[in-house]
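Colleague: I'd like to go over a predicted model; first the sequence, then the structure.
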Amino acid sequence: MPDETAADRASDRAADRPSDRAVRAVADSIDLSRARTADDAADPSIPVAATVLLLRDGSGGPEVLLIERPDRGSFAGAWVFPGGRVEASDRRTPDEDEEAVARRAGVRETHEETGLSLDEAELVTVSVWDPPPGIALRIRTWFFAVRAPRGELALAEAEAVAASWTTPADMLARHGRGEATLYPPTWVTLHALTARTDAASVLSAARLAGVERFETVARRGAEGPLLLWQGDAEYALDPDSGTARGEASGPRHRLEIGALPWRYTRDA
């Protein structure tokens with residue numbers, strides 16, 4: 001057997017980095033994904049979830065609460081905002097608006113996971129994320145933001161092994177060094193928060209912008225998995241065509257996750 005090279009050893013170490021878990025999950029699902037249709041973003045058969053950005057002001061700007069999931073399950077070891085799937089008890093009427101149901105679920109899940117009680121009326125809707133169609137696990141997730149209430153954290157052991165009040169820039173830096181697992185929706189949301197100076201500006205910007213819809217398309221890029229959203233020149237291209245790998249000219253709205261640090265490009 002040939003001797004292991006330094007490059008081989010570096011590759012092995014990289015494969016064990018927490019930051020690579022999300023990349024492997026996305027890469028493994030790309031071959032299962034298909035082209036989007038007009039009905040995908042509101043497909044009633046897709047499970048719905050909610051997650052909540054709990055915000056407070058710190059000396060370095062706005063801080064957000066992230067919890068670390070146990071080393072098992074769909075988001076094993078990942079740092080996420082508190083949240084989880086919608087349950088039957090969250091729905092008051094059969095035809096209730098999905099956003100309203102998700103908001104109620106976000107309040108419930110936050111209390112179950114952190115012990116913090118939220119006022120449903122104070123949650124501001126930030127975005128809704130729809131994964132690439134065709135993959136094995138699709139969960140449409142609503143993101144809400146709210147100023148953190150007073151109270152001590154009481155983590156649910158089955159849901160969180162650690163918690164951190166952190167600036168978005170600090171968590172992104174940890175991820176960029178390969179020290180933390182983040183999934184693309186969390187990463188992109190944190191990236192957007194780095195432009196804000198305090199919790200109030202985060203909430204006012206979300207109210208002004210309205211709900212952002214991220215209807216995801218997954219591709220294989222030159223350096224690894226590539227996620228595209230509306231507004232990208234390659235978003236609607238046939239994934240099997242030769243122009244779906246960074247060759248089409250035009251605006252960009254994408255996240256390149258094949259190498260650290262991840263690169264997010266969004267043209268105006």
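Modeller: Yep, it's here. Numbers count the residues shown, from 1 in each chain.
Colleague: drop to CA atoms for contacts and neighbour counts, all remaining ones
Modeller: Will do.
Colleague: and the longest helix along the chain, which residues are buried?
Modeller: With secondary structure taken from DSSP state H, the chain has its longest helix at helix 98-114. For helix 98-114, burial by neighbour count (16 or more other C-alpha atoms under 10 Å) applies to 99, 101-114.
Colleague: Report the contact partners of residue 198.
Modeller: For residue 198, the contact set (C-alpha atoms under 8 Å, 6 or more residues apart in numbering) comprises 56-57, 61-62.
Colleague: now do residue 52
Modeller: 81-83, 106-107, 110, 143-146.
Colleague: what's it sitting at in phi/psi?
Modeller: Here is the backbone geometry of residue 52 (degrees, to the nearest 10): phi -130, psi 130.
Colleague: nearest spatial neighbour of it, skipping sequence neighbours?
Modeller: Residue nearest to residue 52 in three dimensions, not counting chain neighbours: residue 144, with 4.8 Å by C-alpha to C-alpha, 6 or more residues apart in numbering.
Colleague: If you count contacts, what does the one helix or strand that neighbour maps to end up packed against?
Modeller: Per DSSP states H and E, residue 144 falls inside strand 140-147. Packing partners of strand 140-147 (3 or more C-alpha pairs under 8 Å, 6 or more residues apart in numbering; DSSP states H and E): strand 48-58, helix 98-114, strand 124-130, helix 199-209.
Colleague: if you go through the stretch 151-268 of the chain in chain order, where are the strands?
Modeller: In the stretch 151-268 of the chain, the strands defined using DSSP state E, counting those that start in this stretch lie at 162-166, 212-215, 217-221, 224-228, 253-256, 263-266.
Colleague: distance between stretch 156-173 and the chain's centre?
Modeller: 14 Å (C-alpha atoms, centre = their mean, to the nearest Å).
Colleague: Using PDB, list the CA coordinates for it.
Modeller: Taking Å, rounded to 0.1, in the frame of the first residue of the first chain, the C-alpha atoms of stretch 156-173 are listed here in PDB:
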ATOM      1  CA  ALA A 156     -34.300  20.600  27.000                       C
ATOM      2  CA  GLU A 157     -31.600  17.900  27.200                       C
ATOM      3  CA  ALA A 158     -33.100  15.900  24.300                       C
ATOM      4  CA  GLU A 159     -33.100  19.000  22.000                       C
ATOM      5  CA  ALA A 160     -30.000  21.000  22.900                       C
ATOM      6  CA  VAL A 161     -26.600  20.100  24.400                       C
ATOM      7  CA  ALA A 162     -25.300  23.700  24.500                       C
ATOM      8  CA  ALA A 163     -26.400  27.300  23.900                       C
ATOM      9  CA  SER A 164     -24.600  30.400  22.900                       C
ATOM     10  CA  TRP A 165     -25.500  34.100  22.700                       C
ATOM     11  CA  THR A 166     -23.200  35.200  19.900                       C
ATOM     12  CA  THR A 167     -22.800  37.900  17.300                       C
ATOM     13  CA  PRO A 168     -23.500  36.600  13.800                       C
ATOM     14  CA  ALA A 169     -20.000  37.500  12.700                       C
ATOM     15  CA  ASP A 170     -18.400  35.400  15.500                       C
ATOM     16  CA  MET A 171     -20.500  32.300  14.600                       C
ATOM     17  CA  LEU A 172     -19.700  32.700  10.900                       C
ATOM     18  CA  ALA A 173     -16.000  33.000  11.800                       C
END
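Colleague: distance of residue 22 from residue 74?
Modeller: Distance, residue 22 to residue 74, using C-alpha to C-alpha, to the nearest Å: 10 Å.
Colleague: Same check on residue 214?
Modeller: Remark: distance between residue 214 and residue 74 (C-alpha to C-alpha) = 20 Å.
Colleague: and the two? which has more neighbours close in?
Modeller: residue 214 (18 against 10; other C-alpha atoms under 10 Å).
Colleague: Bridged to that one, which residues?
Modeller: Note on residue 214: beta-bridge partners by DSSP bridges are residue 129.
Colleague: right, and residue 71 touches residue 79 too?
Modeller: No. If you go by C-alpha atoms under 8 Å, residue 71 and residue 79 don't touch, sitting 11.0 Å apart.
Colleague: between those two, who's got more neighbours?
Modeller: Remark: of residue 71 and residue 79, residue 79 carries more neighbours, 25 against 12, as counted by other C-alpha under 10 Å.
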